[in-house]
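Q: build the 3D model from these lines:
(chains A, B and C)
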Amino acid sequence: MYKIYINGISSVSPQSEDIFENDFPQTYNENILPARNVDYKALIKPMMLRRMSKAVKMGLYCSKKALQEAGVIKPGAILLGTGQGCMQDTEKFMSNMLENEEGLLSPTSFIQSTHNTVAGQIALDLKCKGHNMTFTQNSASFETALLDAILLFGDREIQEILVGGVDETSREFTGFQRLDGQIKEKYIQNLDLFASGTTGTIISESAAFFSLSSESNASTYAELKDVQIINRVEKSELNSKIEEFLFRNKMVPSQIDVVILGKNGDSRFDHYYEDLQQGLFSKKCQVGFKHLVGDNNSISSYACWLASKILKEKKIPKIFKLNTINCNTPRNILIYNQYLGRNHGLILLKSH
Amino acid sequence: MSDLHTELKKSIIEQLNLEDMEVSEIENDEHLFGDGLGLDSIDALELIVLLEKDYGIKLTDPNQGKEIFNSINTMVDFIEKNRTR
Amino acid sequence: MRGVAVTGMGLVSAIGNNIGETHDSLKSGKDGISSPEILKTNLQELPVGEIKLSNSQISDILKLPECHSFTRAALLGILAIKELLSNSGYSKFPEDTGFISGTSIGGSDKTEEHFYDYKDHPEYRKYIQAQHPGFTTGKIAEYYDLKGVVTTISTACSSSANAIMMGARMIESGKLKRVIVGGSDCLTRFTLNGFNSLKILSNEKSKAFDKNRNGLNLGEAGAYIMLEAEELIRDKRVLGRILGYGNANDAFHQTASSENGEGAYLAISQALNKAKLSAREIDFINAHGTGTRNNDLSESVALKRIFGDDIPDFSSTKAFTGHTLGAAGAVEAIFSLLAIQNSELYPNLNFNSEMLETELTPISQFQKKEINTVLSNSFGFGGNCTSLIFQKDV
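A: As a prediction, the model looks like this:
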């Protein structure tokens, strides 16, 4: 039996990283939430920074902070989940190509457009030659990265792994998401997300990274117990899928103290979460986060950041709570997320 | 310093995203690559595009770039001799 | 018997719409490189490994409804898996079958086609989600009713090799008992123009490892293999075994490989280590061999570092199919398995004279030769280097 510890965390999102201390959320009104600006120059050299899209900047910044916190100089592996990858550079190159009708084109944005650019740039910066993987399966991207981490730790050859999720927005491609109904048509304020009753959600950009280790230390937040991805689940099957997942970990649903749900205000699919809120976890502390940080393909990494904070600080800021049931000593947290009824993910974390 | 020196510096700052740099900060004889400004091989490709787009000069062999892109002075020299725009 | 069993495969590329046709092309040295016809591009002078089936022709073969939302990569993937299913011994994939697909471009063919249409033409908006790779994987999974572990790896040219590696790991750890792994990528103006802007495309047929090589030709393919746990094999025919795998990062440059081929060296070393083999035990190498000045030199240096003066027979098969990007790892995995099954070496086409720096000569003619163990390399942008080792089932 081997254990996996989360020893360092960092996130960049539409909310400040000190939202636990400063329970005063940022509000947004246009359904596309940008990540808050941080001092990228403090951690990234200007000559590298100049080419970086938001995703690369956020990813590299969070990586360095998480590793710093854990006291790790160079991890043995870098694993990344990103659903949409480097959209800004993809869009830039594609627009130029279409406008210039395949004429003379500048290569930088093409070079920076591949989905594994973030993981590649992190490796370059850290001079890390270890296993390096990028997963791009919509809302199961970050979960797949965690799954790979579990597999690698199982081989017992690597002691420290950097895992993260990052997604950015871009003008045209994210704009298209308004056209196909992924983004709510009517502008709402983010804090009103769950009461909106309409289809679609609010989209954001974010990153959250974790320094995982086979050894705990003074900075340990939590233990990563298990992860599962399921491409499609019928409404009626969700309970049994969750029970099977927990059973595999020698647990039953009643042992879960806090459930973090990826509820996103999309009236077509929120039933997945509402069924759990009213059924399997009706007597548990229920937490949401997308009303604060919006939705994107790797936003479950933010949920993991949130869970880690909750388990370490033994505190749940009111702004995250979906119900009034409290939990003073959270020990087991289950994160459940899906997007557009597909790519469901379960993450199980335990207190240290 | 000729207009071309200034024009080239402005283009380079823009094309290569040297965000916080001013024209006055790039010396005419400073090495552009390696020590000096610290440009890399991706920048070299961008400079080749710049030569063609702005001055109509097509480099058939990217390796020629090494000498041409040594400094602003060498670039200006080359452009003045070969420009078609 | 060590190693994860391969129990099915399916492939569509520029040299064949199925494995039989592919095998014939490999034996006769017939490449699939031509001018782009189905891809509507202005860059007509660039040879490509294009599959001469239009999207509607593939839709007809698959009997898809007219208004579907399958991207070209999804169509190629479905076609390849159709063949895999037919030789897997199953009439329908069992419910607990996983699916891990590698791709670099995903469904961007649709984005570039309809970029200006989305605003005023709602009928095309069904392709908006196709921009991200997971959508294409999801469509393929949906077609075959694969509902469980379904995921995508996107690490440029090593994507499907990484998918195979992850699948093998999942089987070895017991997390999955059966998994379809591989990848698909189609030709797009995006990648054609992208690689062209990097000046690494050749306007001739590519000649890997040749001293006068001047770039690669892009290609497209759908290529998948099935891996199964030991207890599921029973009396099924095992096509080969995945004995070793390794992934490492060059950490040198975003697109170019380091001079000493460090990433490649580490990946190959790891694969040998995992396989518990010494370098001497490799019979043949299917090289990444794109035909660029940079890769072929870097890879050659890495091979010399691993094998010393005793480099096994090797070739790059990319002159047959073009560089199929994310699908390359899986295409070449299948070529490696064919080599093992049939005791054959497939040639490195268009080779004339060795590189001055390394003096290495690849196999340039088709040969019959007993092959037990093959090393297959796939190296992608972002310094992503993956090596797989396949062995004959005994």
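
Q: residues from chain B in reach of chain A?
A: With CB under 8 Å from any CB of the partner chain as the criterion, chain B meets chain A at residues B:15-20, B:38, B:42, B:45-46, B:49, B:52-53. To be clear about C-beta, it is placed using only N, CA and C from the backbone, and glycine gets the same treatment.

Q: for these, pick the one with the most neighbours.
A: Using other CB atoms under 10 Å in any protein chain shown as the neighbour test, those are led by B:L16, with 23 neighbours.

Q: what's the closest residue in space to it that isn't next to it in sequence in contact with, if anything?
A: Using CB to CB, 6 or more residues apart in numbering or on different chains and skipping residues adjacent in sequence, the residue nearest B:L16 is B:D43, 5.3 Å away. With contact set as CB atoms under 8 Å, 6 or more residues apart in numbering or on different chains, B:D43 has these partners: B:16, B:32-33.

Q: report back the residue of chain C that's furthest from centre.
A: Centroid-distance maximum for chain C: C:D120 at 37.4 Å, with CA atoms, centre = their mean.

Q: same question for chain A.
A: For chain A, the C-alpha farthest from the mean C-alpha position belongs to A:G103; by CA atoms, centre = their mean, that distance is 38.1 Å.

Q: and it, helix, strand or coil?
A: In terms of secondary structure, A:G103 is coil; the call rests on DSSP: H, G, I helix; E, B strand; the rest coil.

Q: so what's the backbone phi/psi at residue 73?
A: I went with chain A, as the question did not name one. Here is the backbone geometry of A:I73 (degrees, to the nearest 10): phi -90, psi -50.

Q: separation between the nearest residue to it once chain neighbours are set aside and chain B?
A: Using CB to CB, 6+ apart and skipping residues adjacent in sequence, the residue nearest A:I73 is A:L67, 7.3 Å away. Noted for A:L67: a distance of 25 Å to chain B, by CB to the nearest CB, to the nearest Å.

Q: ok, now which ones touch A:L67?
A: Counting by CB under 8 Å, 6+ apart, A:L67 makes contact with A:8, A:73, A:75, A:126, A:162, A:211.

Q: pretty sure the residue farthest from the centre of chain C belongs to a strand, no?
A: No: per three-state DSSP, C:D120 lies outside any strand segment and is coil.

Q: in the strand or helix carrying the residue nearest to A:I73, what's buried?
A: Element membership for A:L67 (DSSP states H and E) is helix A:54-70. Using 16 or more other CB atoms under 10 Å in any protein chain shown as the test for burial, helix A:54-70 gives A:54-67, A:69-70.

Q: enumerate the residues of chain C near chain B.
A: Chain C comes close to chain B at residues C:197-199, C:253-256, as judged by CB under 8 Å from any CB.

Q: partner strands of the helix or strand following the helix holding A:L67, parallel or antiparallel?
A: Note on helix A:54-70: by DSSP H and E, the next helix or strand toward the C-terminus is strand A:77-81. Paired with strand A:77-81 in the same sheet, following DSSP bridges, are strand A:131-135 (parallel), strand A:160-167 (parallel).

Q: for strand A:77-81, what is the distance to the chain centroid?
A: Chain-centre distance of strand A:77-81: 13 Å, with CA atoms, centre = their mean, to the nearest Å.

Q: which of the buried residues of helix A:54-70 sits closest to chain C?
A: Among the buried residues of helix A:54-70, A:V56 lies closest to chain C (CB to the nearest CB), at 10.3 Å.

Q: quick check: the gap between that closest one and A:E160.
A: Between A:V56 and A:E160 the computed distance is 22 Å (CB to CB, to the nearest Å).

Q: repeat for A:L147
A: Taking CB to CB as the measure, A:L147 falls 18 Å from A:E160.

Q: who has more neighbours out of the two?
A: Ranked by neighbour count (other CB under 10 Å), A:L147 and A:E160 place A:L147 first, with 28 against 22.

Q: so that one sits right up against A:L224, yeah?
A: No: between A:L147 and A:L224 there is no contact under CB atoms under 8 Å: 10.5 Å.

Q: for chain C, what are the nearby residues on chain B?
A: Counting by CB under 8 Å from any CB, chain B sits next to chain C at B:40-42, B:45, B:48-49, B:62.

Q: in strands, which of those residues fall?
A: Judged by DSSP state E, strands contain none of those.

Q: what's the farthest-apart pair in those?
A: B:D40 and B:V49 (15.1 Å; CB to CB).

Q: sweet, I'm off.
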